Structure formats: C-alpha cells, structure tokens
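Peer 1: structure, please.
(one chain, ligands or ions: 2)
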Amino acid sequence: MSYTLALANPKGGVGKTTTTINLGAAFAKKGRKVLLVDLDPQGQMTIGCGLKSLYDSDDFDLLSCILKAEIDKMQAQITRVENFWVMPAHISLLRLEDELVIQKAGESRIKKIIEILTEGYEVCLIDTAPTISILTDAVLVAARRIIVPVQAEDTSLQAVESLRREIAELRDVLNVDIKIVAIVPNMVSSNSVSERVLAQLADRHSETPVFDTTGSALTDLPIRRRIALAKAWYEGKSIFSSCPSCDAVDIYMKLADFLDQKMNSS
Ligand SMILES: Nc1ncnc2c1ncn2[C@@H]1O[C@H](COP(=O)(O)OP(=O)(O)OP(=O)(O)O)[C@@H](O)[C@H]1O
Ligand SMILES: [Mg+2]
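Peer 2: Ligands and ions are numbered 1, 2, ... in the order given. A predicted model of the protein is given here:
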C-alpha cells in the first residue's frame, strides 16, 4: 500500500525535519521506494539531506514552476540521497505564501502538484514549516494523514491544540478526512515534566475525530535527545549513515513499522 504523510506542528524546532529525514531513511531501509518532499520554505530538510546547492541554486526557480504548474521541471529536481529520493525546497519558496494569498484556489493547486509528484513512490513524507498557513493547509489536505513530532514540554500542548483546531476546521469546511495518525515525542529526557506532558497528550486526544484512534495516536516510541541526530543534519546525512550505532536508529525503524501497521489497518 502506498501512502503520503505530512509532518506538522506549528511550534518551531520540535523535530519535524529530523523526523522526516530519519523516518524516510527507515522506510527506505525496509525496502520501500521513499520520496521526501520539502515544503518548508526555509529548506532545512533539503540542507539536512546534503542538497544546499539545490536550495540556493540560481538556475532554478521552484516558485515559478509551482505557479505555472511545470511539473516536469520539478520532477527533474528530484534527487537520490542515500537510498531514498528528495524533492528539494528552493529559496524562491520564501515568496510562495504571498503568492498563494493573491492566487485563486492556491490550496487546490498545491494539492494537485503534490499528488502528481508523489505518484510512483510507496512512502512519501512531506516536511512543513512551523506555521499555520495556506501552504501548510494545502499539505494537510493533500496528505490527509499527519505525524506530529512534539517536544515533551508544556508549550507543546498548546501547539498540538492549535493544529487540532486547524484540522477540525479543514475537515468541516472542505469535507476532507484529515487525521493525526501519530504523535511522536522527540528530544525526550527522563524527567517528571516529560512524563506529565506525555500523559496529558495521551489523555487529551482519545475521542476527537481528528485523532486516529485505532490504537493511541501517541506513540510509545520516544526519540531521546541525541547529539548524533543534530550532527547528522549538519553532515547532510540520515542517522542511518552518519551514526548507525545510535539508539535512535532502532526507534525510527519501529516507528516505520508502527506507521505501516496503522496505514494498512485504516
Ligand atoms: N532527538 C534529538 N536530539 C538532539 N537534537 C535534536 C533532536 N531532534 C532534533 N534535534 C535538533 O533540534 C533542532 C530542531 O530540530 P528540527 O529542525 O528537526 O525541528 P523542526 O520542527 O523541523 O524545526 P522548524 O520548526 O524550525 O522547522 C535541530 O538543530 C536538530 O538537529
Ligand atoms: Mg523543520
């Protein structure tokens, strides 16, 4: 079964990009044909995959390709990294949100582009910006299944609630079945704040239709704070190739199994 998942959380710095890259590497390790799409105009996933030169390139204008729906030119940018594929972001995307405000039906245009770009891949993961915006809404609508990396801190509860509200509104207004399939605790350390916040997250989200309740959305697979994960991003590699002995490798593999199971049973 093929599926697309968006990684979203309006709170910045919680691990959306780190999870996208390393979960993508885990699915690839499981033998899946994986595409990672960077739709955060800051391009940190692109840079974390060692493709900074594509992000900064003067020879390419992704914004113009999106606005003119030049899919072939976009597909030509898709690059193999390690054992997965990456659709890089480009610096021109920093102006995309302004254009989407002006353009008619911006959300549906982006949704259509995502659908075409992801054709032919078994697992597609889309990294998003730490905002609630037209672009993020378009990604949520296109993917319909969402992973929410969270930091186990009190401010996370507020951020997850904002995202839940946005998804509930998109479900109502557009009649699209968008669901949060996994909340992934990241940068977890062993302390009482982490435990209390995780317990509150688990409690809060059992009933609403926004959360997939075939099993809890809150995964029992916390990713601990590991310098090796920050170092891997800096090196432009996944943790699988930068530091295969890091314990996070095993957690990302289990997270890929968990998502496979969820997506196959829903
Ligand atoms: N488990 C971890 N252990 C140590 N460092 C981590 C971990 N997860 C992420 N980081 C580091 O924390 C910073 C923020 O992570 P990341 O860029 O993945 O978050 P983000 O949610 O994508 O941020 P933004 O909202 O700005 O896009 C990065 O420097 C990353 O290398
Ligand atoms: Mg990011």
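Peer 1: which strands and helices lie in contact with the helix or strand harbouring residue 125?
Peer 2: Residue 125 belongs to strand 123-127 when assigned by DSSP states H and E. Packing partners of strand 123-127 (3 or more Cβ pairs under 8 Å, 6 or more residues apart in numbering; DSSP states H and E): strand 3-7, helix 16-29, strand 34-38, helix 134-143. C-beta here means a position set from N, CA and C on the backbone, and glycine is covered the same way.
Peer 1: one more pass at 7 Å, please.
Peer 2: Identification of packing neighbours for strand 123-127 by 3 or more Cβ pairs under 7 Å, 6 or more residues apart in numbering; DSSP states H and E yields strand 3-7, helix 16-29, strand 34-38.
Peer 1: now do it against helix 134-143, angle only.
Peer 2: Counting by axes from the mean of the first three to the mean of the last three Cα atoms, to 10 degrees, strand 123-127 lies at 160 degrees to helix 134-143.
Peer 1: could you give me the buried positions within strand 123-127?
Peer 2: Using 16 or more other Cβ atoms under 10 Å as the test for burial, strand 123-127 gives 123-127.
Peer 1: give me every residue that touches the spatially closest residue to residue 151 that is not a sequence neighbour.
Peer 2: Distance criterion Cβ to Cβ, 6 or more residues apart in numbering; nearest residue to residue 151, sequence neighbours excluded, is residue 14 at 4.8 Å. Neighbour list for residue 14: 149-151, 186 [criterion: Cβ atoms under 7 Å, 6 or more residues apart in numbering].
Peer 1: any chance of a markdown table for the helices and strands packed on strand 123-127, columns mean pLDDT?
Peer 2: Shown next, in a markdown table, are these (pLDDT from 0 to 100):
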| stretch | mean pLDDT |
| --- | --- |
| strand 3-7 | 97 |
| helix 16-29 | 98 |
| strand 34-38 | 98 |
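Peer 1: let me have those in JSON lines, extended by distance to residue 75 and mean neighbour count.
Peer 2: Shown next, in JSON lines, are the helices and strands packed on strand 123-127 (distance: least, Cβ to Cβ, whole Å; neighbours: other Cβ atoms under 10 Å):
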{"stretch": "strand 3-7", "distance to residue 75": "16", "mean neighbour count": "24"}
{"stretch": "helix 16-29", "distance to residue 75": "18", "mean neighbour count": "27"}
{"stretch": "strand 34-38", "distance to residue 75": "11", "mean neighbour count": "28"}
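Peer 1: so where does residue 98 fall, helix or strand?
Peer 2: In this assignment (DSSP H and E), residue 98 forms part of helix 96-102.
Peer 1: pLDDT averaged over that helix - what is it?
Peer 2: For helix 96-102, mean pLDDT rounds to 90.
Peer 1: who touches the helix or strand just after it?
Peer 2: For helix 96-102, the following helix or strand on the C-terminal side (DSSP H and E) is helix 106-117. Helix 106-117 has contacts (Cβ under 7 Å, 6+ apart) with 37, 66, 69, 71, 74-75, 87, 100, 134-135, 137-139, 141-142.
Peer 1: which among these end up buried?
Peer 2: Buried among the contacts of helix 106-117 (16+ other Cβ under 10 Å): 37, 66, 74, 87, 100, 134-135, 137-139, 141-142.
Peer 1: wasn't residue 75 part of a helix?
Peer 2: Yes - using DSSP: H, G, I helix; E, B strand; the rest coil, the assignment for residue 75 is a helix.
Peer 1: buried set for the helix holding residue 98?
Peer 2: Using 16+ other Cβ under 10 Å as the test for burial, helix 96-102 gives 96-97, 99-100.
Peer 1: I'd like the distance from that helix to the chain centre, please.
Peer 2: Chain-centre distance of helix 96-102: 21 Å, with Cα atoms, centre = their mean, to the nearest Å.
Peer 1: which strands or helices does that helix pack on?
Peer 2: Counting contacts by 3+ Cβ pairs under 7 Å, 6+ apart, helix 96-102 is packed against helix 62-67, helix 134-143.
Peer 1: now residue 63. Nearest residue, chain neighbours left out?
Peer 2: Distances taken as Cβ to Cβ, 6+ apart place residue 92 nearest to residue 63, at 3.7 Å, with adjacent residues excluded.
Peer 1: perfect, I'm done here.
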